[in-house]
Structure formats: structure tokens, C-alpha cells
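In: next one to model:
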Amino acid sequence: MIEHCCDAMNSQVNHRCEVHPDPFACPDALVRFVPRFREYGLIIHDGGTATSGIAHCPWCGARLPASQRDRWFDELEARGIDPWEDEVPPEFEDERWLRAGGGAAAG
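Out: The predicted model follows:
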């Protein structure tokens with residue numbers, strides 16, 4: 001489990017609602033965290049699945065890690081994998097690919 005910047009962020013990222021299993025339908029779910037991209041976003045409760053990316057924690061003000069979205073796509077491309085057409089290796093479905101060293105695009 002990933003530790004986030006503060007208890008409030010940990011609580012939000014790990015929030016699970018018994019009434020609304022979909023966080024986009026839950027009014028108490030405020031933050032979405034995407035482990036494979038290491039991205040944080042505020043959930044926009046407008047009936048869809050949109051988020052607005054954030055660079056700082058709304059509770060403690062800590063700078064959040066930079067998104068690794070571009071690096072994720074670069075790593076797959078370097079392996080000859082098209083994520084829209086090919087099967088994505090399981091380690092790329094979460095943050096494991098980052099812990100494994102991330103290959104040539106690391107940094």
C-alpha cells in the first residue's frame with residue numbers, strides 16, 4: 001500500500017463507501033489516485049468520471065509526486081507495446097513498474 005503525504009490524503013485515497021461502490025457516484029469521495037501513473041486528481045461530481053489534476057495536497061499543502069503518465073507510455077513504447085492494441089503486462093497495471101527501475105526512461 002502506498003503511503004501518501006498525510007493522514008487526510010491517505011483517508012481520501014483509500015475511501016470506500018458501502019452505499020456508493022463507484023467513487024464518482026459517492027459525494028464523500030473527493031480524491032482519485034491512479035497508482036500506475038502516480039496521479040492525484042479531485043473528483044468532479046458532475047455525473048461523469050472526470051478529475052482535475054492536483055499538484056499539492058488540499059489538506060497539508062505538500063507537493064505531490066509528478067505524474068508518471070508520459071513515462072508509462074514511453075516505457076511501453078520502448079518495449080514495443082501499444083496499450084490501445086496490445087496486452088499490457090500486469091506490472092504496468094499498478095505502481096510495480098516504477099519500483100522495478102523503470103528502464104531507460106527512469107529519472
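In: relative to Glu75, how far out is His45?
Out: Plainly put, His45 is 33 Å away from Glu75 if you go by CB to CB, to the nearest Å. Bear in mind the C-beta positions are built from the backbone N, C-alpha and C, glycine included.
In: so what's the residue sitting nearest the centre point of the chain up against?
Out: Centroid-nearest residue in the chain: Val34, 1.5 Å away (criterion: CA atoms, centre = their mean). Shown in contact with Val34 (CB atoms under 8 Å, 6 or more residues apart in numbering): Gly41.
In: who has more neighbours out of His45 and Glu75?
Out: Taking neighbours as other CB atoms under 10 Å, His45 and Glu75 compare with Glu75 leading, 21 against 14.
In: how about the secondary structure of the more buried one?
Out: helix (DSSP: H, G, I helix; E, B strand; the rest coil).
In: can you pull the alpha-carbon coordinates of stretch 13-20 into CSV?
Out: C-alpha atoms of stretch 13-20 as CSV (Å, rounded to 0.1, in the frame of the first residue of the first chain):
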residue,chain,number,x,y,z
VAL,A,13,-7.4,7.9,-1.4
ASN,A,14,-8.4,4.8,0.5
HIS,A,15,-12.0,5.8,1.0
ARG,A,16,-14.5,3.0,0.2
CYS,A,17,-18.3,3.7,0.5
GLU,A,18,-20.7,0.9,1.3
VAL,A,19,-23.5,2.9,-0.4
HIS,A,20,-21.7,4.0,-3.5
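In: and it, what's buried?
Out: Of the residues in stretch 13-20, Val13 count as buried by neighbour count, 16 or more other CB atoms under 10 Å.
In: the bottom helix or strand of the chain by mean pLDDT?
Out: Every helix and strand of the chain was ranked by mean pLDDT, DSSP states H and E. The lowest is helix 96-99, at a mean of 88.
In: read off the pLDDT value for Glu93.
Out: The model reports Glu93 with a pLDDT of 91.
In: tell me which element the nearest residue to it once chain neighbours are set aside falls in.
Out: Closest residue to Glu93 apart from its sequence neighbours, by CB to CB, 6 or more residues apart in numbering: Arg36 at 6.1 Å. Here Arg36, judged by DSSP states H and E, is contained in no helix and no strand.
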